[in-house]
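Asker: Provided below for reference: sequence and predicted model.
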Amino acid sequence: MVDFKLEHIARRFPRFTFQEPRTDGEFHVDCFGGRTRRRYMAPDRDLGRLGILNVFAPSAYEDYNEWGDVLEAVDAAGEAFTMIELGSGWGRWIILAAVAARAIGKQVGTLTAVEAEPDHYAWTRQQFLDNGFDPRDHVLIRAAAAGEEGACTFYTGCADAWYGQSIAPGVRPTTPEFGREAEPAVRRERIMETVQEVPQVTLQSILRPYDSVDLLHSDIQGSELEVIEAAIEELTAKVRRVIVATHPPSTAGTRGREVEPALREIFTAHGWTCLRDVPAGSKDVEIDGHYTDFCDGLQTWVNPRVPAVLNVL
């Protein structure tokens, strides 16, 4: 039974029509009808007390607030919704948001998805196609988001069981260089055993073609501070809302740094308003009368300099 918080979320977002998620052949179908191939999540993936279908609805676990923040960004957008996702995985959040926007009659403007893990990049592209979005109309970038252009080493492999791949500072590559086909067996080694050299791209360059962006979603496993710090001026000029998954210093990509306090300082100094701030590793966080633990942290920031367009029911 899916722990689906329909009543609460439906009151909060009356423009949306929600449905129970379900499995349909080779797909999981989310609460807006979005389709995700079942093979993107290993059947034995450890979700604790949750079933796989909880991932596809606003359920009382650590992603619940993220659902609300994403839907609020969609609801507040103008006629066309635009979004950037750094660390797209299979394209979960960017296609969820696009499907939700389409469901309430909004156009879907340019979507940009950035992913360095080779299987995850291919799955993101397929996720666009499976949900009726032609990748040629959008921007899919096969690279790691970083604070400067160039190349870096990056953990790859275990794609269906692990979504924590990150920049691997100081680690030598163990697979062919980016752009060459790795042996299938190499891609299926144990977690953090396979490393590949990949291009890296800055948020400044990603933002350059946009006039404005409704939502930036970032889950880049420890690189969030260097990416946002380098691009904060461009973010403040163009982006309405930022959702950042944060990570503890033990995550490889943080290079041992405390990223959360620094992010708070950067956004606050540039006039952003903090909507949500849950530190990584938080315990017993209250969510709609339930209590849950967080692995990653969550910071959501709203930019008053690029006001949202308020929709009238």
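Answerer: All right, it came through fine.

Asker: Low-confidence ranges, this structure, go.
Answerer: Applying pLDDT under 70 to the chain flags the ranges 1-6, 44-50, 176-190, 308-313.

Asker: Packing partners of the lengthiest helix in it?
Answerer: For the chain, the longest helix by residue count, based on DSSP state H, is helix 224-238. Where contact means 3 or more CB pairs under 8 Å, 6 or more residues apart in numbering; DSSP states H and E, helix 224-238 is packed against strand 144-146, strand 194-202, helix 203-207, strand 215-218, strand 241-246, helix 259-269. Where C-beta positions appear, they are placed from N, C-alpha and C, glycine not excepted.

Asker: so which of those comes closest to Arg37?
Answerer: strand 215-218 (20.5 Å; CB to CB).

Asker: What residues sit buried inside the longest helix of the chain?
Answerer: For helix 224-238, burial by neighbour count (16 or more other CB atoms under 10 Å) applies to Glu224, Leu225, Glu226, Val227, Ile228, Ala230, Ala231, Ile232, Glu234, Leu235, Thr236, Lys238.

Asker: Of the helices and strands packed on helix 224-238, give the one that comes closest to Ala97.
Answerer: When the helices and strands packed on helix 224-238 are compared (using CB to CB), the closest one is strand 215-218, at 6.6 Å.

Asker: Now do the closest one: which elements does it pack against?
Answerer: helix 64-76, strand 80-86, helix 92-103, helix 224-238, strand 241-246.

Asker: Make TSV from the ones you listed and add distance to Val195 to it.
Answerer: Supplementary listing: these in TSV, determined by distance: least, CB to CB, whole Å:
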stretch	distance to Val195
helix 64-76	29
strand 80-86	20
helix 92-103	24
helix 224-238	19
strand 241-246	22
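
Asker: Gly91 against Glu85, yeah?
Answerer: Yes - shown here, Gly91 and Glu85 form a contact pair, counting by CB atoms under 8 Å, at 7.3 Å.

Asker: anything in contact with each of these two?
Answerer: Ala113 (CB atoms under 8 Å, 6 or more residues apart in numbering).

Asker: quick one: which of the helices and strands packed on strand 215-218 is nearest Phe133?
Answerer: Of these, nearest to Phe133 by CB to CB is helix 92-103, at 6.2 Å.

Asker: How far off centre is the closest one?
Answerer: In terms of CA atoms, centre = their mean, to the nearest Å, the gap separating the centre of helix 92-103 from the centre of its chain is 12 Å.

Asker: What are the contacting residues of it?
Answerer: By CB under 8 Å, 6+ apart, helix 92-103 touches 16-17, 30, 32-34, 36, 55, 66, 70-71, 73-74, 77, 81, 83-85, 88, 107-108, 111, 113, 124, 127-128, 131, 133, 215, 217, 219.

Asker: PyMOL command for the buried members of those?
Answerer: Applying 16+ other CB under 10 Å to those, the buried members can be selected in PyMOL as follows:
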select buried, resi 16+30+32+34+36+55+66+70+71+73+74+77+81+83+84+85+88+108+111+113+124+127+128+131+133+215+217+219
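
Asker: out of everything not next to it in sequence, what's closest to Pro199?
Answerer: Distances taken as CB to CB, 6 or more residues apart in numbering put Ala143 closest to Pro199, at 4.2 Å, once the chain neighbours are dropped.

Asker: That neighbour and Tyr61: what is the separation?
Answerer: With the distance defined as CB to CB, to the nearest Å, Ala143 ends up 30 Å from Tyr61.

Asker: hmm, back to that, tilt between the longest helix of the chain and strand 80-86?
Answerer: 160 degrees (axes from the mean of the first three to the mean of the last three CA atoms, to 10 degrees).

Asker: CA-only coordinates of helix 224-238, as PDB, when you get a sec.
Answerer: Coordinates of the C-alpha atoms in helix 224-238 are reproduced here as PDB (Å, rounded to 0.1, in the frame of the first residue of the first chain):
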ATOM      1  CA  GLU A 224      26.800  21.900  -5.100                       C
ATOM      2  CA  LEU A 225      28.800  24.500  -3.300                       C
ATOM      3  CA  GLU A 226      31.400  25.100  -6.000                       C
ATOM      4  CA  VAL A 227      28.800  25.100  -8.800                       C
ATOM      5  CA  ILE A 228      26.500  27.600  -7.000                       C
ATOM      6  CA  GLU A 229      29.300  29.800  -5.700                       C
ATOM      7  CA  ALA A 230      30.700  30.300  -9.200                       C
ATOM      8  CA  ALA A 231      27.300  31.000 -10.700                       C
ATOM      9  CA  ILE A 232      25.500  33.000  -8.000                       C
ATOM     10  CA  GLU A 233      25.400  36.200 -10.000                       C
ATOM     11  CA  GLU A 234      23.800  34.500 -13.000                       C
ATOM     12  CA  LEU A 235      21.400  32.600 -10.700                       C
ATOM     13  CA  THR A 236      20.300  35.700  -9.100                       C
ATOM     14  CA  ALA A 237      19.700  37.400 -12.400                       C
ATOM     15  CA  LYS A 238      17.700  34.600 -14.000                       C
END
